[in-house]
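**Q** following is a predicted model, sequence given first.
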Amino acid sequence: MDGFMDRHGAPLLLLTATWLLAGCDREAPLPRPDATPDGGGGGAAAPGCAAGERTTDSGCEPAGIPPEACGAGFTPGDRACAPVLPDAPCPAGTMAVPGETACREVAPCGEAPWGDIALDEETQHVDGAYAGGDSDGTPERPWTTVGEGLRAAAPGAVVAIAAGTYPEDVVVDKPVRLWGRCPALVEIAGAGPDTAAAIEVGAGADAAEIRGVAIRSAGQGILVSGASGVVIDEIWVAGAGAQGIKVDNEQGLAALTVRGSLVEGAHRVGVHSAGAALALESSLVRGTLESGEVEGTGVGANRGEGNTPASITVRASIIEQSHGTGVYLIASEALVEDSVIRDSTGIGTNAAGMGVLAIRNSRGQPSQVTLKRSVLEANEEAGIWVQGSSAVVEDTVVRDTRPYPDKLATGWGIYIAADLEEGLRSEATLQRVVVERSRYVGVAILSSDASLDGVLVRDTLPRDGDGKHGVGLAVASRGPLRGDVTARGSVVERSRTAGVFIEGADATLERVAVRRTLPQASDGRFGRGIEVHALDTPDGRSGLVLRSSLVEESVDSGLALFGSVATLEETAVRGTRSSADGLQGNGVTIVKDPGDSEATLTGVRIEASDGAAVASFGASVALARSTIECNFIDLNVETESGTAGKITDGGENQCGCQGVSVPCRAKSAGLAPPEPLPEGL
């Protein structure tokens, strides 16, 4: 670039090498306020942890996930975690869970006829191949149907099932242990779509167990209702026309644990809880299919009879290849830990493939979701979507979120938004979270409240449709509800267009590092470290507090403030470069429009800007205890919308370069203000 451009696009070749070395124009001293603030000088760093580090009981810790915080079955690397799994997807009927490097069958078969079933004198034996006609449930004269074995079994007894296909609907109404030799050899095939399920566990069957069988059903695979303490262990739902496994409270309180199981090819929901308690452990839910226009959810939860919320726990499991959402919550609660949710794909613009979706119900009752030590990857539209609800995310990675085809505003890593229809804010706490390679926005907080601690957002990519955006962290307001975010010890790096984008909202950033923001891919414009602008509403001004932070290697502006208010304390802005279209690389840019802008800079260090260290366009700037070093222009003021820019000297400011210190003075170089980003989120 040969120089700056004036308002008519002509180059401004005003500044000589001598002026650049000195770093200041000597014609206009800064005005002084009535009172000078106390404190030291020169923009020294605040004591404590550095920008991009979080404070811990033992000291300082870089943003992201420390190696020791990765879950069981995960391996650490680059401040993130990755699941230990086979290199390729497992074939049908086989599975692996985090920590396993080879695909395996759901359970070993053992030796014929009963394998590893725990047999005793009360066991009722079932073998469909027995042709003696004198069945009594003994090993020598087994029953030929599962139903016969169940009717003969005493409470607590084992019903042992030999290899074979059993075309019947099984009803469990007492606490027995239904135990097949292995899922690869024992199949219960539901009789038809009009029955409740291939296996129904009902009232009176508390503590019943189902183990070692495969299920095929034209309707539901397994239904548990009105029974608590039920355990499903090492089963394979090999196909179901409706839910693979469902637990509900229609017949009374119900609680189910699914362990070591494979559910694949179910329709609508792989594993579903309606008003009941569900635990999914060391299991794989794969390839849940849509039913008509209803998406296929891997694990779902909603309220049941009496408006009772569901409560689900997913632990050490994988939910993958859902034709819809991985985990779907409606006015319910979920804990997901040490698990993987991946490769969810949408079936339409209103049924996209999110990793986790938590929303309210028609009564305005919210959901609550907690994710710990997990990985959500290669999901569509959003890795995590929370609306009118609350979320806690800890030690978790959200990566490679893809846009839904033909839907432009998709590809959110984490999306936390208010439900404007109900006036419900969302609340989110993100701690030691990594969000990388999202295709649109890494973390978005819209009209909601969020706290970020040790969050690492990196390599956000532009959206596919038009090459725009690629924002790391976005905080915005929609309607009457205002967005509000506090971020500490976090890093936003290698974003596109803007590292942090704030629109009509409030943000407090402490010890946050915003690094190496890149221009917009579509046209090479922008690349701002932080952009703050107002909405065209009476209370639309944004508010930013930037404390003990670092903004470096931005393009166009390190911080660009439009019609808003900002306070910068003990913060460094350095290495701001000019954009490819020649727009000045200002360290801090403050623009009056669309309303009054005000900025207070205390203890700030701004260095090595291609343009001005501070550029005021009709805005008011207070500068105190700050260091302005080796910038092309130190302090620039211009008139905008009839208002002259003003930079007020609060004392103890230093300007200069290469050891040469000069008084800080403001001048006009005839610069034109930059434009805000042309569209919101």
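**A** Okay, I see it.
**Q** give the contact list for residue 164.
**A** 127, 128, 129, 185, 186, 187 (CB atoms under 8 Å, 6 or more residues apart in numbering). C-betas here are computed from N, CA, C, even on glycine.
**Q** pLDDT weak spots in the chain?
**A** 1-47, 193-194, 408, 679-681 (pLDDT under 70).
**Q** so where's the longest strand in it?
**A** Counting residues, the longest strand found in the chain (DSSP state E) is strand 633-640.
**Q** restrict it to CA atoms and write it as CSV.
**A** Coordinates of each C-alpha in strand 633-640 appear next as CSV, following Å, rounded to 0.1, in the frame of the first residue of the first chain:
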residue,chain,number,x,y,z
ILE,A,633,-0.1,7.5,12.9
ASP,A,634,-0.3,7.8,16.6
LEU,A,635,-3.6,9.6,17.2
ASN,A,636,-6.0,10.6,14.4
VAL,A,637,-9.2,12.7,14.8
GLU,A,638,-11.8,13.4,12.1
THR,A,639,-15.2,15.0,11.9
GLU,A,640,-18.1,12.6,11.4
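**Q** buried stuff in that strand?
**A** By neighbour count on 16 or more other CB atoms under 10 Å, the buried set for strand 633-640 is 633, 634, 635, 636, 637, 638, 640.
**Q** contact partners for the third one?
**A** Residue 635 makes contact with 24, 30, 612-614, 623, 628, 647, 655, 664-667 under the criterion CB under 8 Å, 6+ apart.
**Q** now the fourth one
**A** Residues near residue 636 by CB under 8 Å, 6+ apart: 586, 611, 612, 614, 615, 616, 645, 666, 667, 668, 669, 671.
**Q** neighbour-wise, which one of those leads?
**A** residue 586 (32 neighbours; other CB atoms under 10 Å).
**Q** quick revisit: which of the buried residues of strand 633-640 lies closest to residue 509?
**A** Nearest to residue 509 among the buried residues of strand 633-640 is residue 635, at 23.7 Å by CB to CB.
**Q** how close does that closest one sit to residue 381?
**A** 45 Å (CB to CB, to the nearest Å).
**Q** hmm, back to that, so which of the contacts of residue 164 sit within strands?
**A** In strands, defined here by DSSP E, the members of the contacts of residue 164 are 186, 187.
**Q** buried subset of the contacts of residue 164 as a ChimeraX selection?
**A** Buried residues within these, by 16+ other CB under 10 Å, are selected in ChimeraX with:
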select :127,128,185,186,187
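**Q** any chance of the contacts of residue 164 in CSV, plus distance to residue 319?
**A** Shown next, in CSV, are the contacts of residue 164 (distance: CB to CB, whole Å):
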residue, distance to residue 319
127, 35
128, 33
129, 37
185, 27
186, 25
187, 24
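**Q** just the contacts of residue 164 now: which is nearest residue 522?
**A** Nearest to residue 522 out of these is residue 187 (CB to CB; 54.2 Å).
**Q** state the distance from the closest one to residue 255.
**A** 27 Å.
**Q** then residue 569?
**A** Using CB to CB, residue 569 is found at 52 Å from residue 255.
**Q** swap in residue 98?
**A** Residue 98 sits at a distance of 25 Å from residue 255 (criterion: CB to CB).
**Q** and these two? which has more neighbours close in?
**A** Counted by other CB under 10 Å, residue 98 and residue 255 do not tie: residue 98 has more neighbours, with 24 against 19.
**Q** what about the residue lying closest to the more buried one once chain neighbours are set aside, neighbour count?
**A** In space, and not counting its chain neighbours, residue 98 is closest to residue 73: 2.9 Å by CB to CB, 6 or more residues apart in numbering. Counted with other CB under 10 Å, residues neighbouring residue 73 total 21.
**Q** same deal with residue 675?
**A** Counted by other CB under 10 Å, the residues lying close to residue 675 total 14.
**Q** begin at 833, not 1, for the rest of this chat.
**A** Done: numbering now begins at 833, and the last item shifts to residue 1507.
**Q** now it: how far from residue 1357?
**A** Going from residue 1507 to residue 1357 by CB to CB gives 9 Å.
**Q** do I have it right that residue 1401 meets residue 1380?
**A** Yes: Residue 1401 is within contact range of residue 1380, at 7.1 Å (criterion: CB atoms under 8 Å).
**Q** which of those two has more neighbours?
**A** Between residue 1401 and residue 1380, counted using other CB under 10 Å, the more crowded position is residue 1380 (22 against 18).
**Q** against residue 1258, how distant is the residue positioned nearest the centre of the chain?
**A** Nearest to the geometric centre of the chain sits residue 1246, at 3.1 Å (CA atoms, centre = their mean). Look at residue 1246 and residue 1258: by CB to CB, they are 11 Å apart.
**Q** so where do the helices sit in this structure?
**A** Per DSSP state H, the chain carries helices over the ranges 849-854, 978-984.
**Q** next one: stretch 1017-1033 to chain centre, how far?
**A** Remark: stretch 1017-1033 is offset 37 Å from the chain centroid, using CA atoms, centre = their mean, to the nearest Å.
**Q** in it, what's buried?
**A** The neighbour-count check on stretch 1017-1033 (16+ other CB under 10 Å) flags 1017-1022, 1027-1033 as buried.
**Q** farthest pair within those?
**A** Farthest pair in these, by CB to CB: 1017 and 1028, 25.5 Å.
**Q** residues contacting residue 1063?
**A** 1039, 1040, 1041, 1042, 1043, 1088, 1089, 1091 are the contacts of residue 1063 under CB under 8 Å, 6+ apart.
**Q** export these to JSON lines and tack on distance to residue 1178?
**A** Output for those, formatted as JSON lines (distance: CB to CB, whole Å):
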{"residue": "1039", "distance to residue 1178": "40"}
{"residue": "1040", "distance to residue 1178": "37"}
{"residue": "1041", "distance to residue 1178": "37"}
{"residue": "1042", "distance to residue 1178": "33"}
{"residue": "1043", "distance to residue 1178": "35"}
{"residue": "1088", "distance to residue 1178": "28"}
{"residue": "1089", "distance to residue 1178": "30"}
{"residue": "1091", "distance to residue 1178": "30"}
